[in-house]
Structures are given as C-alpha cells and as structure tokens.
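S.K.: Generate coordinates for the sequence data below:
(2 chains)
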Amino acid sequence: MRRRKSITITLFVFVLAYVLAIHPVPVAQALEGPEIKIGVAVCITGHGANVGKREAIGAQAAVDVINAQGGVNGVPLKLYIEDTASNPQEAVNAVRKLAGDHKVLGIVGPHYSSVGETTFPLGNQLRIIQIAVASSKPGLAAANRPYAFRNTLTEDKIAGAVVREFKKRYGIQKVAIITDIKDAVSRSVGTKVLPPAFKGQGIEVMTGDKPVTYQTNDTQFRAQITKLKAMNPDGVGMGALGPDALNIITEARRQGMKQPFMSTAPIMEGEVPELGGKAVLGTFSGTIWHLSMVTPASKKFVEAYKNRAKTMYTSKYTETPDYYPVNAYDAVFMIVEGIKAMCVSNSAGDLQMDRDKLMYYMAALRDFNGVASRGFNCVGDGVKDVHVFEIKGGHWVPIKK
Amino acid sequence: MPPHPYPYSEPRMFLQQLVNGVTLGSTYSLIAIGFTLVLGLLNMLNIAHGDIFMFGAFLGLSLAMLGIPLYLALILAMLGAGILAIIIERLCFRPLRKAHFLMPLLSTIAFGILLQNVATQIWGSEPSRYPQTTEVAQFQLGPVLVSSIDILIVAISIFLMLGIDQFVRRTRFGRAMRATSEKAQTASLLGVDINRVIIFTFFTSGALAGVAGVLTALVYLQITPFIGIRQGLIGMVAMVIGGVGNLRGAMIGGLMIGIIEVMNDAYFTASYRDIILFGLFLIFIVFKPEGLFGKKEP
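M.R.: Residues are numbered from 1 along each chain as shown, chains lettered A, B, ... in the order given. You can find the predicted model right below:
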C-alpha cells in the first residue's frame, strides 16, 4: 500500500515536471523586499561625463518602463548610480559601494575598457556581474570570466560590414589609414581592425603597417592631411573618435582632398553630420543602433529616454540618446529577464545565490530580444546586428543593402 | 617591407609642412610670450595661463554663437581673458607676495583646475566647435597652399608680437616694466607704480592667451575645457627654449616647436611628438637653462 502510494507520488512528480518542462507556466515567483536593487557604475564626472550621464539616463529609462508596468512581479526596481569619474581608481570604489553598501543584484557598467580592466577582476572577487555598456578592447571580457559581460559589439565585426559597402559604393582599390595612437579603441581600429578588414576585401592598404598618426583631441591635423594628400588614395579609413574624425575630414576638404572617408561606431557620436556640413557628406560608418532606426522597440526606448532626460542630468549633451544608453537600457532588461527566469528571491539571505543566478543566466543568454542586443557569446561579449550608415543631408542614413 | 609607395621627401610636401608648422607655431608663440611676461616680471609661474587660453577660446565661441561678428568676438575674448588674468593676479599672486615662493604656483594650479571645472559646467566636456560661418578661401602661393585663416592667424600673431616687443622697448611704461622686472624695490623708490605695472602685465599676458585661444579654435575648429593643459605646457617649453623672460626668444621658441611638432607628425609618428618636445625641454633646463637667446631682458 505504502509502496503504491510512493509510486503514485513519483509518477505525479514526473508528469508535473514534464508538463512544466514543455509548458513553463509563469508562476509568479514571490519576490521579497520593498525593491529590487540594480547598480549603475558609469562616469558622471571626468572626461566621459556626457556619455556616462546618457548611459545612466538609459538605465533609468528602462526602470521607468518596467515600473510603469508594475515592476517585477509587483516589486519595483530601484537604480543605484555610482560615479566612476572616468578613472579606474574611482571606479573600484563605485563597484565596492554598489556591491557592499547598496547590495545590488548586478551592475550595469562600466564604460571604458581601462576602467573594466580594474573593475572586472574586482567583480569576480566580489562575485557580482557587471554588464559594460561600451569597452571594446579585444579579449577583456574573456580574460575576466565568469562575472564580466560587455553588451557591446567589438569593432572588427562592424568594420567588415562597413568596408564591404564602402568598396561597393566608391569602387575603392587602395586606401590610406589615419589613426589615433592615444585612445585605445581608435588605435585598435586603425592598427588592428581596419587593415585586415580592407585586405579581406582585396583592397590595398597604402600606409602598410605605418598608418598616419595623431593623438586624441589634437587641435590640428594639418601635417597628417598634407601627408595623406600626397599619397592620393581612393579613400581613407580612420581609427578615430567622432570629434577628431570631424576635424580630420574638415581639414582634408580645406586642403582640397575629395576622397571619401570611413570608420566604425565611435565616429557616430559627436554630431559629425550636423557639425561637418558639406565636408563630411558620403562618409561611411557602422553601428549597432542609431536614432534614425524606427523599430517599435527602438521607438519605445527613445520615448522613455527623452521623458527621463527632461528631469535627469538635464543638458544639451543628454537630450538625445546614442547607442551607449541603448546598451544600458537593454542591460537593465536583461537583468530583469534574468530575475524572472532564474526565480531570484531578492531576500537578503539569498543575495549571493541571486547574484550567481544572474551570472549563469547571462552566460547562457543568446536569444534576448532587446532594442539592439541579442545576448552574449561564450566569452561574455555582446551579440548584436550591424547596420551600415552614410552621411546624407546632415544626418546618418542607413544604407539599404 | 617595401618602401613607401609615395615620395616622403618631396620638396613640395616639405614646404607645405613648413607652412603648417609656422601657423601652428605662431599660436604657441602668443602663449609663450604671456608666460614669459609674467615670469620675467614677477619671477613667478602662472600655471593657470593655459586655462586662460581655454577660457578665451570659449568666450570667443560663445560670443560668435550669439551672432557677434568675429573680429568683435576676438577683441571681446581678448578683453575677457585679460580681465581673468587680472583676477588671477589679485587672487593668486598679490595676497601671496610675501608667502613661500611655491605658494603662488600652487594657488594658480588650483585656479586652473577650478577654471576647467567651471568651463565643463558651462560648456560641457565634449568638444565644442565654432560655427562654419564662411568657406575658407585657399590661395596657391607657388608650391604651397595657404588658407585665409592661416594668413589671418600669422598676421595677427606677428602684429601683436611686434607691438608688444616695441611697446616694452620703446615706451615709458615699457621702461617701467623693464625696471620692475630688474629690481622691483628700486623701481618703486624711483617712482614706478609697481601694482599698475603688474596689473598691466597680467592683463597683456591674459589677452594674448585669449587671442591665441580664439585663433586656435578658429583654425582647428574644436575646443574642450581641458585644451589649456597641453597648450600651457607647450607654451612653457617654448619659453624655456627661447630663454626665460626673453620676448623674442619666446616668439622663436613657439615657432620652433610648431615646426618640430608638424615635422614629427609628417615624417615620424605622433607618439614620438611629446617624447621629442619634452625631451628637448628637459635638455634645455638641465644643460642650457638660459635658453637659446639668453636670460631675461624686458
């Protein structure tokens, strides 16, 4: 009799497990606590102040959207924002404060690779996830498994797509490369990303392994442009940030160069089309998201961002979003999905287990349906779609393939 | 590795680079003169000088944005930067005249950082640009291409440099400046109003930095609150190379650095630029502290 009963129970459990496995019933997991705490560690001051503030607004916009729908199973989200001051030392304090004092479940940020180099190892030590919103130095997340994630796309994937369209449009056979040698991302684009991207499409790189060089925020590019002009390439590839790219192209037109320019995502910030006028027309770039994209998810993000930007860090540098706040916005949604899917309890005693659950969730996340995010690959770097753009009439306009 | 597929040593490119260097160098000269005026007079270094340059550039930009014509914006920015320099004198130098000699240096460091942060609050940390009001006219002079802005910047620089040089050498007030720099106490006994001389010198020094700021931003189109740090350092290098306190030395020092910088970028790599410039700086300080043109004279 007892035996029959236990068989029945076992059978029942199996059937239930089977049913749940094919039809995962969204059981409202009881979440504890008055709020769910998510940390944001970005640069609110220092060199990256403007972009950092946009990222914080992006994250807050996600929180606004979620809380407007009643939070996560009835519990509202609360964001804790700490300033990394654009430097690694301050960033370490920010991450410690978020993890130790505020006891957040996961951290959105940092922005810079140089900052991630110190905060990622710390995150592994404290056992809490960080989802960087910029940082594209190759291998950084891979070197900091398992808690480091980067919701960005490394530049090589963007460069390949841009070069293909650039060649198609202008019939490029030989190019010259000009690169920043101070900024880590630009230097890597100019010296490591662009040369193989060009060669891969059968384009000759006239500068060989000695690109024309300058330093971030140089006030003038005359020597460099005189040199490029003397080489007479079909087009110019730049490893540059937006403001420098703008000055490079402007100086090139002043010296009478007519060739087209191209680069990757970093030149899409800094209002190059708006400020560059006629000089920058026909410049190519690629990115993971841009304001001109009009998918429903994208529209919802822009609306939430603009609403929030009216009251948070108000300035003309934070009014309109670029792709960094999108990464932050998506990162918050990823954490929320993780909380639901992994049945995070949010009770004080489970804090470490909850943090670990989020880490495991991110590590396996491949099919996320964000504004511009699909999840992470097996070394923690973002999986995203690439869109190629050109400058037309004062704006970045997507190229129809 | 095959040789480069284009002629590096083409004389035409060299000449063009020389023109580039002179244009760049003339703004450095303006900054260096401002440094050397104050240092020659008070034997004190105004570390915030580079930040006055930055402030002048932003002031000019804001005025130009308001629709004020460029020449007027330039003059107003010059005045504004001059007044800022006077404020620095009253705040960072005058109360500390009897203090330890390092105190004014430290107070100007603090003032410089203050200025950078105030500028970040007002104008943001991302680079700002002058509106492209006019298309830049280009002139083909023999083998080289010169723009209207090049001509403007070099002409204004030369005009101001020669003006100040003559003022210090030829006028009564200039003589008072030279006397104060020689021995302030004696000059005071002989009836020179030291405070007036000092205020005038600071004003001139600041005004020159302000002009340099506007001109730099015009030619190169962008400015950030942190632009003054490097420009200030470069001005200091130019001053030391030319000989501390020597006006003409500062002019030539500035031009030299402009040319060295451009030639380095053209023929080597930008990463060597600061190694060369600041290596030169160190060599001069250690082995030839009087600079190329001797010790102070104004």
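
S.K.: quick one: the helices in the stretch 151-298 of chain B?
M.R.: Secondary structure of the stretch 151-298 of chain B (DSSP state H, counting those that start in this stretch): helices at B:172-182, B:184-189, B:194-220, B:227-242, B:247-267, B:270-287.

S.K.: now the nearest residue to residue A:392 once chain neighbours are set aside: how far from chain B?
M.R.: Excluding its sequence neighbours, the residue lying closest to residue A:392 (Cβ to Cβ, 6 or more residues apart in numbering or on different chains) is residue A:281, at 6.9 Å. Backbone N, C-alpha and C define where each C-beta goes, glycine included. Distance, residue A:281 to chain B, using Cβ to the nearest Cβ, to the nearest Å: 14 Å.

S.K.: before we move on, the earlier item: would JSON lines of the helices of the stretch 151-298 of chain B with mean pLDDT and distance to residue A:127 be doable?
M.R.: Converted to JSON lines, those look like this (pLDDT from 0 to 100; distance: least, Cβ to Cβ, whole Å):
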{"stretch": "helix B:172-182", "mean pLDDT": "87", "distance to residue A:127": "65"}
{"stretch": "helix B:184-189", "mean pLDDT": "84", "distance to residue A:127": "65"}
{"stretch": "helix B:194-220", "mean pLDDT": "89", "distance to residue A:127": "48"}
{"stretch": "helix B:227-242", "mean pLDDT": "91", "distance to residue A:127": "40"}
{"stretch": "helix B:247-267", "mean pLDDT": "92", "distance to residue A:127": "47"}
{"stretch": "helix B:270-287", "mean pLDDT": "92", "distance to residue A:127": "39"}
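
S.K.: what does chain A put close to chain B?
M.R.: A:46-50, A:181-182, A:206, A:208-210, A:213-215, A:217-224, A:226-227, A:230-232, A:243, A:246-247, A:250, A:254-256, A:270, A:275, A:277, A:315-317 (Cβ under 8 Å from any Cβ of the partner chain).

S.K.: Any of the residues you listed buried? List them.
M.R.: A:46-50, A:181-182, A:206, A:213-215, A:217-224, A:226-227, A:230-231, A:243, A:246-247, A:250, A:254-255, A:270, A:275, A:317 (16 or more other Cβ atoms under 10 Å in any protein chain shown).

S.K.: that older thread, next, count neighbours for the residue nearest to residue A:392.
M.R.: Around residue A:281 sit 16 other residues, with neighbours defined as other Cβ atoms under 10 Å in any protein chain shown.

S.K.: for it, phi and psi?
M.R.: In terms of degrees, to the nearest 10, the main-chain angles of residue A:281 are phi -50, psi 140.

S.K.: For the residue nearest the centre of chain A, give me its contacts.
M.R.: The centroid of chain A falls nearest to residue A:152 when counting by Cα atoms, centre = their mean (3.4 Å). Residue A:152 sits next to A:132, A:133, A:134, A:135, A:136, A:288, A:327, A:381, A:382, A:384 when contact means Cβ atoms under 8 Å, 6 or more residues apart in numbering or on different chains.

S.K.: And residue A:394, by the same measure?
M.R.: By Cβ under 8 Å, 6+ apart, the contact list for residue A:394 reads A:273, A:274, A:277.

S.K.: which one among the residues you listed gets closest to residue A:306?
M.R.: residue A:274 (17.7 Å; Cβ to Cβ).

S.K.: quick revisit: which among the helices of the stretch 151-298 of chain B is found nearest to residue A:392?
M.R.: The closest of the helices of the stretch 151-298 of chain B to residue A:392 is helix B:194-220. By Cβ to Cβ, the value is 26.2 Å.

S.K.: between that closest one and helix B:172-182, how big is the angle?
M.R.: For helix B:194-220 against helix B:172-182, the angle by axes from the mean of the first three to the mean of the last three Cα atoms, to 10 degrees is 100 degrees.

S.K.: Which strands or helices does helix B:194-220 pack on?
M.R.: helix B:11-42, helix B:49-65, helix B:70-88, helix B:148-170, helix B:172-182, helix B:184-189, strand B:222-223, helix B:227-242 (3 or more Cβ pairs under 8 Å, 6 or more residues apart in numbering or on different chains; DSSP states H and E).

S.K.: tell me the angle of the fourth one relative to helix B:172-182?
M.R.: Read that as helix B:148-170. Using the same axes, to 10 degrees: helix B:148-170 against helix B:172-182 is 80 degrees.

S.K.: low-scoring stretches of the stretch 301-401 of chain A, by residue?
M.R.: Across the stretch 301-401 of chain A, the ranges flagged by pLDDT under 70 are A:401.

S.K.: Closest residue of it to chain B?
M.R.: Across the stretch 301-401 of chain A, the shortest distance to chain B (Cβ to the nearest Cβ) belongs to residue A:317, at 4.9 Å.

S.K.: re the thing from before, now the contacts of residue A:394 as a markdown table including pLDDT and secondary structure?
M.R.: What follows is the contacts of residue A:394, written out as a markdown table (pLDDT from 0 to 100; DSSP: H, G, I helix; E, B strand; the rest coil):
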| residue | pLDDT | secondary structure |
| --- | --- | --- |
| A:273 | 90 | helix |
| A:274 | 86 | helix |
| A:277 | 87 | helix |
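
S.K.: mind listing which of the buried ones among the residues of chain A next to chain B are in strands?
M.R.: A:213, A:214 (DSSP state E).

S.K.: quick one: which of the buried ones among the residues of chain A next to chain B sit in helices?
M.R.: A:49-50, A:222-224, A:226-227, A:230-231, A:243, A:246-247, A:250, A:254, A:275 (DSSP state H).

S.K.: ok, which pair from those is furthest apart?
M.R.: Across these (Cβ to Cβ), the longest gap, 38.8 Å, separates A:49 and A:230.

S.K.: which residues touch residue A:37?
M.R.: Contacts of residue A:37 (Cβ under 8 Å, 6+ apart): A:78, A:80, A:102, A:103, A:104, A:105.

S.K.: so what's the fifth one up against?
M.R.: Taking Cβ under 8 Å, 6+ apart, we find residue A:104 in contact with A:37, A:38, A:39, A:80, A:98, A:128.
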